[in-house]
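**Student:** structure of the sequence below:
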Amino acid sequence: MADYDPTAPLTLDANTTDGDANGEYQYNQPDADEEEDDDYDPSSFSFNDGDGDAHMTPDEQQRPAQHVPAQPMKPKTVGGFIVDDDDEDEEEQQQDAAPPAPSQMNGTEGAQSGLGAVAVSEAATAMAPQNTVIASEPSQEDASAPSAAPLNGSSSVVVPAPVSSDTSSSTLFAPAPSSTEQGKQQANIVSATASATPSAAATPQPQTATAAASVSATALTNGSVPPTPTTQRLPHDKVGQLEDRIKEDPKADTEAWRELIKHYREKGQLDNARRMYTRFFEVFPTAAQVWIEYVQMELAENNLRNVEQIFGQCLLKLPNIDMWTTYLDYLRRIHPLINDPDGAKRGIISQAFEVLLEHVGIDPESGKLWRDYVDFIKGGPGTMGGTGWQDAQKMDMLRKVYQKAIRIPHSELTKLWKEYDNFEIGINKTSGGRKFLQEQSPYYMTARTAKTQLDYKIEGLGRMSLPMLPPLYGCAGEDEFATQVEKWRAWLEWEKEDPLVLKDEDIAAFRKRVVYVYKQATMQLRFYPQIWFEASVWCVEQGTPEMEKEGEEFLTRGMDACPESVLLALKKADRVEGGLEKSNEDEVAIRSGEKLDPVFEGCHKALYALYKKIVERLNKEVAKVNEYFANLPPEEEREEQMKEGSDDDDEDDERPKPQTRAEQLKAHMEAAKSPITRAQEELKNTISYLWVAKLRAFRRIQGQGQPNKAKKGFRGVFAEARPRGQLTSEVYIASALMEWRCYQDRSAEKIFERGLKLFPTDEVFALEYIKHLISNNDDTNARAVFETTMTKIVNATSTELEKQRQKCRPLLTYMHDFESNYGDLDKIHRVEKRMKEMYPDEPDVSRFGARYALPSFDGMSAQLVISPTQARPAPPQTVIEQNNDIRLGPNGPYIARSPKRALDDSDSEGPARKFMRGDSPLKGAAGRRMQGHQASSSITTAAPAQLGGFATKNYVPTAAVAPPVVHPSPLPYDIHSLLSRMPHASQYRSTLFDPGKLVEYLKGVDVEGARVRFGVR
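**Tutor:** Alright, predicted model coming up:
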C-alpha cells in the first residue's frame, strides 16, 4: 500500500472551484506500477464517462439566471394577440426553419397537454427571455385526437361487456378473488376484456417560436436550471390561466383541476374533459367523488363501454361505499329484472351484491347496502313460510344475510335485528326460532355497543373530501389537518382494541377490519407519509404471508403518493435489504446493489426535481420584485419632495426618514427570498440525509467498492453524489469516517481536507475533522484546523455577530475541554481569552469552573456542610389574610365589605356597574363597634359613605385582624429527601381506572337483551 503524504497537493480537476459547496473533483487513475487496491484517493475520481450534466459544476447547474426587468411599454397586438415587434421579420425565417424534435423541447415539462395554454420550452425562454407567450384554448379536433398508449400502462382491463339484446350473454364485472376466496364458487361471474382505452399521456406540445428551434441539445441536457418563462395570459384565456395554476401546484390547487374539468364539460368538449380526468387521477387516484362524476358524465352520454373501463380502473382499488353503490346501480340499469324468465339477470345482481358486501360491507355506512340486499332477496321467487325447495332456499339466504348484518355496527343494525326477530318467530313459532335468536343475540349486543362507540369516533371525520398536503407546523390549516389525523388514528386504535371480540373466533375478520380502516385513512391522508408507514408496519407485524404482502402494497402505494418522502424510502430500503441474500460473493453483492439502488434513486429524483421547482419559484419571485420596481416612477421626483418637506417644523425631524429606492428593493427582495431560501436549505439537508443513508446501506452490502464499477460500494455512491450537487458537509463527514473507522484507510484525511476547502466556515465539519485528528494523536493539525476555521468565521463579513457566536461556541467549548484535560496552561489561557472576547457578558467563573468540571460532579458549586446550623429547617411562612376584599370591576378596584352579600365582580360587557353603597348602619352596640372600626381604618376617603365603595389610590392594607394561618411543620430531612427522589404521579403509565368509560359502558348495557340471552324473567 502506498503511504499517504499529507503534504502532497490534491490532484483536482481544472474545472473545480474551491468555493463550490458541492465538491466536484476527479479521481485519477492509478499508476502503472501501483496495484489496483492502492490507497483510495477521493481527489482522483473522474466523472467524464457519464452524461453531459456530469461535466457541469454545481455552480453552473444551480446558478440562477440574471434577469434584467424590461421597461414597461404598450404591447403590440395583431388579431387580439400580443406579438413582438420583430415577429414579422422572423416569419420568413420560421418558414424555412424545421420545428424542433420533441426530445429537444424538454419532454413534457412545461406542456399543457393540448388542453390549455401553449407551452413554451424553458430552453427557448433562456435564449429569449423577453418573448411573451400567449395561451389559447385548444380546438375540439386537437383534443379529440386519440393516442395509442393504453391507460395506466395496461392493454386491457376487466370490465362488463356491452349490453346486448341477448340476456344470456350479459356479463358482470367481477373483481379478482383474494387468496382466501380462491375456493369459493363464482362460476356465474363472467369477466370480459375490453379494448385499450384512450391514452392518458399528454398530447404533443404545440409549435413554439423560432428561438426554441435554435436551441442546441447541449443547453437542454446540461442539467442546469433554466430561467422561469415569462408568460402573459389574455384576460379571457381561462384555460391557460387554470393550466398555469395546475402546473404550478398540482397537488394543492384542487380548485383549478375542478374548474377546468367543469369548463370543458360546460363547453361540450368531452374529449378534453376525459383527458383532464385522466391527468387528475394520476395525482388523485383515490378521489372517489370525482370518479363518480366521471362515471355520471359517461352515463349521461350513454357511453357504457367507457363506464365499464372506468370501473375496471378504479373499483378494486377504491373501497368506497358511494363508488360501489354507483357500480351496483349501473348493473341494475343494464340488467333490468322486468323481463327475466330464467332468472339469469337476478343471479348477476345477486352475485354483485355478494362481491360488493365482501369489499365494503364492514363500513360504518354500509347499512343501506345490507337493507337493499335484504329487500332484493325478499323480492325474489319463493314464499316466506312455504314448503317448496325454492321457498326454503329463500328463507336460508335471508337468514344468512340477517346473521351477517347484525354482527356489523352500521346505521341499520337495530332495524335489521327487529326484522330478524320477526322473521325467526314468524316462520318457526316453536322453540326453533327462539334458539336462533338466542345464538345471535350476543353478537348483536356486541355490535350495538360497538356502534355507539364507533359513531363517536368517526363524528366529524371527512371521508369524501379530496386529500390535502399536510400544512407546515404553525401554518394555516395545521389544526384542522391534525384533528383529522387524530380522528383517523382514534378509529384505528379502536379497531385494534377488538371491540367486536373477533381475535379469538375469527382473526381474519379482525385483520380485515383494521386493514379496511387503514385503506380508508390512506385515501384521505394520501400525502401524509406517516399513515402509510404505520399501515405497512402493522400489516408486517401480523406475521402471515398475506399480511406481509398487504404491508408491501401499502408501502409501494405510499411511495407512489409521496415519492419525496424519506421515511417511506428508507422503510422500503430496510425491507429490501432485510430480504437480500447473505453471501460474501461479489455476484451476490452486485445483485443486492441492483435491488437496493432503485429505492434510493426514486426518492432522490423526486427531491432533486422539487429543488429545481423551488429554484424556478425563486426566480419568479425575484423577477416580480424587479418588474415592480422597474415600473415605479423615477426616484428623483421623490427626492425633490423630500427636500421640499425638510423645511417643515421640528417635529418632522423626529420622524423616521423614508427608505431610498435601493433600500426598498433590498427589503422587498429579502422578504420574497427568505421563505424560499429556508425551503431550499431544508431540502438540501434532506437530500444529503438520504445520501448518507445510501452510503451506509451500500457499505453494509458491498463494502468499500470502487467508483464506476459493478460493485461500487459506498465509494461509488459518494462518487455519484458529488456531481449531482446540493450536498452538505454531512456527506463528506460520513464518507471520511467510514474510510477510517471501518477500513483504517488514509483516504479519510484527503476527504476531510477537500471538505475543509468546500465548507470553510462549517463548524460541524470542522469539529468532526478536529475530533478525527485528535483521535489519531495529531494535535498540531487539530489546533491548526481550529484556528483556521475560527478565523474564517470571525472574518466573514456576511455573517452577523450573533450568528458568528453561535457557530464558534461548539468549537470553543470542545477545544477548551480538550486543552483543559490534555493541553498546557498557556493554551488554556489562550482559548479562555478568545472565549471572553467572543462572549464578554458571560462571567469568568463559568469558564474557570468548566476547566476543572467532571462529567458527573462540579466541585466548585458543591455546598459543603461545615456545621449542622447550616442545614436547619426554614421557619414556616405565615400568610396574613385581610378582611377587606379588594376586587377588580369594570369601573376600577373596589372593596367588598357588605355583610349582606358579596359583590358580583363579573367583567362581562354590559351597562356600567353602579357605585356600591356604604355599609348599612347597624343599631346599638354593633353600630358603635362598626363606627369605631371605620374610624381606625387606613382608608382615606372624603365621606364615610364611601367606605364600602371603590378604593382610592392611597389605599394601604389594614392591619391583621384574623389569626395567622399556620402551615404544618416541614417533614424530616430523610423523608423529604425520599419523596423528592420519587417520580411524579404523572409518570405513572400503568392501567388507570377510568370512571367515565365505566359509565359509558353501563349506558350501553341492554338489560332486556341480557335477560333474553340468559333466559331470566
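**Student:** where does the stretch 501-650 of the chain have low pLDDT?
**Tutor:** For the stretch 501-650 of the chain, residues meeting the criterion pLDDT under 70 lie at 635-650.
**Student:** would you map the helices across it?
**Tutor:** Counting by DSSP state H, counting those that start in this stretch, one finds helices in the stretch 501-650 of the chain at the ranges 507-524, 529-541, 545-561, 566-578, 586-630, 635-645.
**Student:** out of those helices, which comes closest to residue 791?
**Tutor:** helix 586-630 (32.0 Å; Cβ to Cβ). C-betas here are computed from N, CA, C, even on glycine.
**Student:** so the closest one versus helix 545-561, what angle?
**Tutor:** 30 degrees (axes from the mean of the first three to the mean of the last three Cα atoms, to 10 degrees).
**Student:** which strands or helices does helix 586-630 pack on?
**Tutor:** Counting contacts by 3 or more Cβ pairs under 8 Å, 6 or more residues apart in numbering; DSSP states H and E, helix 586-630 packs against helix 566-578, helix 661-702.
**Student:** from these, which stretch is densest packed?
**Tutor:** Of all those, helix 566-578 carries the top mean neighbour count, a mean of 18, counting by mean count of other Cβ atoms under 10 Å.
**Student:** pull the CA atoms of that one into CSV?
**Tutor:** Output of helix 566-578 as CSV, limited to C-alpha atoms (Å, rounded to 0.1, in the frame of the first residue of the first chain):
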residue,chain,number,x,y,z
VAL,A,566,-37.5,9.9,3.0
LEU,A,567,-39.4,8.0,5.7
LEU,A,568,-41.1,5.7,3.2
ALA,A,569,-37.9,5.3,1.0
LEU,A,570,-35.8,4.3,4.0
LYS,A,571,-38.5,1.9,5.2
LYS,A,572,-38.7,0.3,1.7
ALA,A,573,-34.9,0.1,1.7
ASP,A,574,-34.9,-1.6,5.1
ARG,A,575,-37.4,-4.2,3.8
VAL,A,576,-35.4,-4.8,0.6
GLU,A,577,-32.1,-5.1,2.5
GLY,A,578,-33.7,-7.5,5.0
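**Student:** which outside residues touch that helix?
**Tutor:** Contacts to helix 566-578, defined as Cβ atoms under 8 Å, 6 or more residues apart in numbering, come from residues 529-530, 532-533, 536-537, 540, 552, 555-556, 558-559, 562, 592, 595-596, 599-600, 602-603, 686, 689-690, 693, 697, 700-701.
**Student:** now do residue 91, the pLDDT please.
**Tutor:** pLDDT, residue 91: 41.
**Student:** make sure I have this right: residue 659 is in a helix.
**Tutor:** No. Residue 659 is assigned coil when assessed by DSSP: H, G, I helix; E, B strand; the rest coil, not a helix.
**Student:** identify the residues contacting it.
**Tutor:** Neighbour list for residue 659: residue 667 [criterion: Cβ under 8 Å, 6+ apart].
**Student:** wait, residue 979 touches residue 970, no?
**Tutor:** No. Contact criterion Cβ atoms under 8 Å: residue 979 and residue 970 do not qualify, at 11.5 Å.
**Student:** comparing these two, which residue is more hemmed in?
**Tutor:** It is residue 970, of residue 979 and residue 970, that has more neighbours when counted by other Cβ atoms under 10 Å, with 12 against 9.
**Student:** I'd like to know how far the nearest residue to residue 542 once chain neighbours are set aside sits from residue 840.
**Tutor:** Closest residue in space to residue 542, ignoring its immediate chain neighbours: residue 511 at 6.2 Å, by Cβ to Cβ, 6 or more residues apart in numbering. Residue 511 sits 65 Å away from residue 840 when distances are taken as Cβ to Cβ, to the nearest Å.
**Student:** related to what we said a few turns ago, comparing the helices and strands packed on helix 586-630 by mean pLDDT, which bottoms out?
**Tutor:** helix 661-702 (a mean of 92).
**Student:** tell me what that helix is packed against?
**Tutor:** Packing partners of helix 661-702 (3+ Cβ pairs under 8 Å, 6+ apart): helix 566-578, helix 586-630, helix 713-724, helix 729-743.
**Student:** out of those, which comes closest to residue 808?
**Tutor:** Ranking these by their distance to residue 808 (criterion: Cβ to Cβ) puts helix 729-743 first, at 16.4 Å.
**Student:** before we move on, back to that, surely the residue nearest to residue 542 and residue 551 touch.
**Tutor:** No. The pair residue 511 and residue 551 fails to qualify as a contact (Cβ under 8 Å) at a distance of 11.3 Å.
**Student:** for those two, list the residues in contact with both.
**Tutor:** Common contacts of residue 511 and residue 551 (Cβ under 8 Å, 6+ apart): none found.
**Student:** what's near enough to touch residue 324?
**Tutor:** Counting by Cβ under 8 Å, 6+ apart, residue 324 has contacts 315, 356, 359, 360, 369.
**Student:** and those residues, which are buried?
**Tutor:** By neighbour count, with 16 or more other Cβ atoms under 10 Å, those hold 315, 356, 359, 360, 369 as buried.
**Student:** next structured bit after whichever strand or helix holds residue 357?
**Tutor:** Residue 357 belongs to helix 344-360 when assigned by DSSP states H and E. Using DSSP H and E, the helix or strand that follows helix 344-360 in sequence is helix 367-378.
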